[in-house]
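Q: Here is a sequence together with a model predicted from it:
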Amino acid sequence: MRSKMQFKTGIYFSHYECFGHTAHVMAIGEVLKRRFPQGNLFFIQAGIPQPKAQINRVGKVYALPGVLTNRHSFVRFPRQAGTDASGRSQACLNIIARERPDLFITEFFPLGREECRHELILPLIKASAQGSRLWSVAGYPLLTGKDHEWRQKILKLYQKIIILSPPIEKKFIADRLPHVRERQKYSDFFKRNARKIVFAGYLSPRQEVVVDDAATGLLKPPVPKGACRITVVRGGGAYFSKLIAQAIRASDLLGKDYYMTVVAGPSTTPQEWELFSALLSKKKVDNLALHRAVGHYEELIKESDVCVSVASYHTSVMLLKHRKKAVVVPFEGYGVMSFHEQPARAALLKETIGAKILSIRDLTADILAAAVRDVATHRKVSLQIPEEWFRGGEVLDKALSGLYEK
C-alpha cells in the first residue's frame with residue numbers, strides 16, 4: 001500500500017437518471033479528500049452522464065462506454081448481460097489495471113444493482129489480485145434481486161461493507177418485505193456478514209449536485225409576511241411528474257396564506273417542463289415559484305415550514321436533520337417492479353417526525369392541499385432524533401484512518 005501522501009482510491013457507481021447516487025459518491029469522495037488531501041481519487045461512472053453534476057471537481061471521472069440503462073427501464077427491467085456488457089467490463093478492467101487503486105469502492109453494489117455484476121466481476125478480481133482493498137459503501141441496507149448466491153461469492157473479495165444509515169433502517173426495510181422467506185434471507189445476510197458490516201449513520205453531501213439555473217427558474221414573487229412556506233421537491237426529477245403537477249394545482253386551493261417553492265428536478269424533461277409551465281400560467285393565486293433546479297437545496301428545506309417530497313435518501317436525511325413537518329410520497333416502483341427503500345424510509349419519517357404519507361396512485365390536488373393544511377396546523381415534530389444518526393462522515397473517516405493502523 002502506498003503512503004498516505006500517495007494514497008489512491010477508485011469509486012465505481014451506477015445510476016439511472018437519479019442524482020442521489022451521484023451526490024452519494026461525491027460525499028464519500030469529500031471524506032476521502034479530507035483524509036488523504038494529497039492522494040488521488042477517481043470515479044468510474046457506469047450510469048448516464050449528468051451534465052449538472054459537479055463530480056469532476058472532486059476527482060477524475062471515467063465514463064464506461066455505452067449506456068447501462070435509462071429512466072424508461074423503471075418500467076421494463078434491463079438485462080445488463082447484453083451485447084455491450086463485455087465491452088464495458090473490459091473498459092472497467094483496463095482502468096483498474098492502469099490506476100492500481102489502494103482502495104476500490106463500489107457504491108451500493110453488491111447490495112443492489114445486481115445487473116452491474118456482469119461488468120464488475122473481472123475488475124473486482126483484478127483489483128483484488130493487485131492488492132487493492134475492496135469496500136462497498138452503500139446508502140441503505142437494501143438487498144435487491146432474487147438470487148443471492150452470486151452476492152455471497154463476490155463478497156468474499158470484500159473486506160468491509162459500510163452502510164451510511166443508522167441500523168434502524170434495517171428494521172423498516174425488513175418490515176416491508178412481503179414474505180417470511182424474504183425476511184429470513186434478509187436477516188441471514190446481515191448475520192452472515194456481520195463482521196464486515198458497519199452501520200455508520202447518514203452522510204449528506206457538503207456541496208450540492210446541481211448549480212443554480214436562473215434560466216429555468218421562474219420569477220419569484222415576494223413571500224407574504226406570515227405565509228406558511230411550502231417546499232415541494234422530487235429529488236433529481238426522474239419520476240413522479242404527477243407530484244409536481246398536483247402541487248401546482250394545490251397551491252390555488254391553499255390560497256395566499258400558503259406560499260410554495262416547487263423544484264421539478266434537474267432530470268425534468270422538456271415535455272414535463274412544458275406541462276408544468278402551462279399549469280403555472282393558469283394559476284389564479286400568485287403564491288408559487290417554479291424552478292427546474294436549485295443549488296441551495298438543503299437551505300430551501302431548512303427554511304420551509306412544511307416540505308412535500310419523495311422519500312429519497314438525501315431529502316429524507318435533511319427532513320430528519322432539520323426536523324421538518326413533511327408530506328411524503330414514496331416511490332414504490334413502476335409496472336411489475338417494486339421497491340422497498342422509499343416506503344420503508346417513509347415509515348421511518350412517520351414514526352420519527354410525524355410525516356404524513358400519501359400514495360402517488362391516489363394523489364390529487366385536493367388530497368395534497370388537505371394534507372399540507374393538516375401537517376401545517378396539527379402535526380408535531382419529535383425533537384428526540386439521535387445525533388449518531390448523522391455521523392456517517394465521522395465513522396467513514398475513522399474506517400479510512402484504520403487502513404494505516406498497525
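A: Great, that's in hand. Numbering: from 1, shown residues only.
Q: At which residues are the strands of the stretch 301-406 of the chain located?
A: Taking DSSP state E, counting those that start in this stretch as the criterion, the stretch 301-406 of the chain contains strands spanning 306-309, 325-328, 356-357.
Q: Let me have the ones you listed in a markdown table, extended by distance to Val395 and mean neighbour count.
A: Where you see a C-beta, it was placed from the backbone N, CA and C, and this is true even at glycine. Output for the strands of the stretch 301-406 of the chain, formatted as a markdown table (distance: least, C-beta to C-beta, whole Å; neighbours: other C-beta atoms under 10 Å):
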| stretch | distance to Val395 | mean neighbour count |
| --- | --- | --- |
| strand 306-309 | 26 | 26 |
| strand 325-328 | 26 | 26 |
| strand 356-357 | 29 | 18 |
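Q: Would you mind giving the ones you listed as TSV with mean pLDDT and distance to Pro65 added?
A: Formatted as TSV, those follow (pLDDT from 0 to 100; distance: least, C-beta to C-beta, whole Å):
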stretch	mean pLDDT	distance to Pro65
strand 306-309	97	35
strand 325-328	97	38
strand 356-357	96	41
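Q: what is the mean pLDDT for stretch 393-401?
A: On average, the pLDDT along stretch 393-401 is 96.
Q: buried ones in it?
A: Neighbour counts over stretch 393-401 (16 or more other C-beta atoms under 10 Å) mark 393, 395-397, 399-400 as buried.
Q: Likewise for stretch 286-305?
A: 287-294, 297-298, 300-301, 304-305.
Q: Ends of that stretch, what's the gap?
A: Using C-alpha to C-alpha, to the nearest Å, the end-to-end distance of stretch 286-305 comes out at 19 Å.
Q: what about the strands in the chain?
A: Assigned by DSSP state E, the chain shows strands spanning 8-13, 40-45, 60-63, 103-106, 133-138, 160-163, 197-199, 228-233, 258-263, 288-291, 306-309, 325-328, 356-357.
Q: who does the last one pair up with?
A: Strand 356-357 pairs in its sheet with strand 325-328 (parallel), by DSSP bridges.
Q: Export the partner strand to CSV, keeping only CA atoms.
A: The C-alpha atoms that make up strand 325-328 are tabulated as CSV, following Å, rounded to 0.1, in the frame of the first residue of the first chain:
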residue,chain,number,x,y,z
LYS,A,325,-43.1,18.9,9.1
ALA,A,326,-43.5,16.7,6.0
VAL,A,327,-45.8,15.2,3.5
VAL,A,328,-44.0,12.3,1.8
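Q: Would you mind pulling the contact partners of it?
A: Strand 325-328 has contacts (C-beta atoms under 8 Å, 6 or more residues apart in numbering) with 305-311, 316, 319, 346, 349-350, 353-358, 368, 371-372, 375-376, 379, 381.
Q: Repeat the analysis, applying 6 Å as the threshold.
A: Residues outside strand 325-328 that contact it (C-beta atoms under 6 Å, 6 or more residues apart in numbering) are 306-309, 311, 319, 346, 349, 355-357, 371, 375, 379, 381.
Q: repeat for stretch 181-191
A: Contacts for stretch 181-191 (C-beta under 6 Å, 6+ apart): 174, 177.
Q: Number of residues surrounding Leu275?
A: By the criterion of other C-beta atoms under 10 Å, Leu275 has 17 neighbours.
Q: Next, count neighbours for the closest residue to it other than its chain neighbours.
A: Distances taken as C-beta to C-beta, 6 or more residues apart in numbering place Ala245 nearest to Leu275, at 6.5 Å, with adjacent residues excluded. Neighbourhood size, Ala245 [other C-beta under 10 Å]: 19.
Q: got the domain boundaries for this protein?
A: 4-201+391-404, 214-387 (automatic domain parsing).
Q: mind giving me a markdown table with the strands of the stretch 301-406 of the chain and columns for distance to Arg151?
A: Below are those laid out as a markdown table (distance: least, C-beta to C-beta, whole Å):
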| stretch | distance to Arg151 |
| --- | --- |
| strand 306-309 | 31 |
| strand 325-328 | 30 |
| strand 356-357 | 31 |
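Q: hang on, the earlier thing: out of the buried residues of stretch 393-401, which comes closest to Ser14?
A: Ser14 has its nearest neighbour among the buried residues of stretch 393-401 in Leu396, at 20.0 Å by C-beta to C-beta.
Q: In this structure that closest one contacts Glu30, no?
A: No - with contact defined as C-beta atoms under 6 Å, Leu396 does not reach Glu30; the gap is 10.2 Å.
Q: show me where this structure has helices.
A: 20-35, 85-99, 117-129, 149-155, 168-176, 180-192, 241-254, 270-281, 297-303, 313-321, 341-353, 365-378, 392-401 (DSSP state H).
Q: For those, give me CSV that also has distance to Asn56.
A: What follows is those, written out as CSV (distance: least, C-beta to C-beta, whole Å):
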stretch, distance to Asn56
helix 20-35, 10
helix 85-99, 15
helix 117-129, 21
helix 149-155, 29
helix 168-176, 31
helix 180-192, 35
helix 241-254, 29
helix 270-281, 25
helix 297-303, 20
helix 313-321, 20
helix 341-353, 28
helix 365-378, 38
helix 392-401, 21
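Q: in the stretch 301-406 of the chain, which ranges drop under the pLDDT threshold?
A: Along the stretch 301-406 of the chain, segments meeting pLDDT under 70 span 333-339, 383, 405-406.
Q: Go again with 80.
A: The stretch 301-406 of the chain contains residues with pLDDT under 80 at 333-339, 379, 382-384, 404-406.
Q: got the buried residues for stretch 130-138?
A: Neighbour-count burial for stretch 130-138 flags 132-138 (criterion: 16+ other C-beta under 10 Å).
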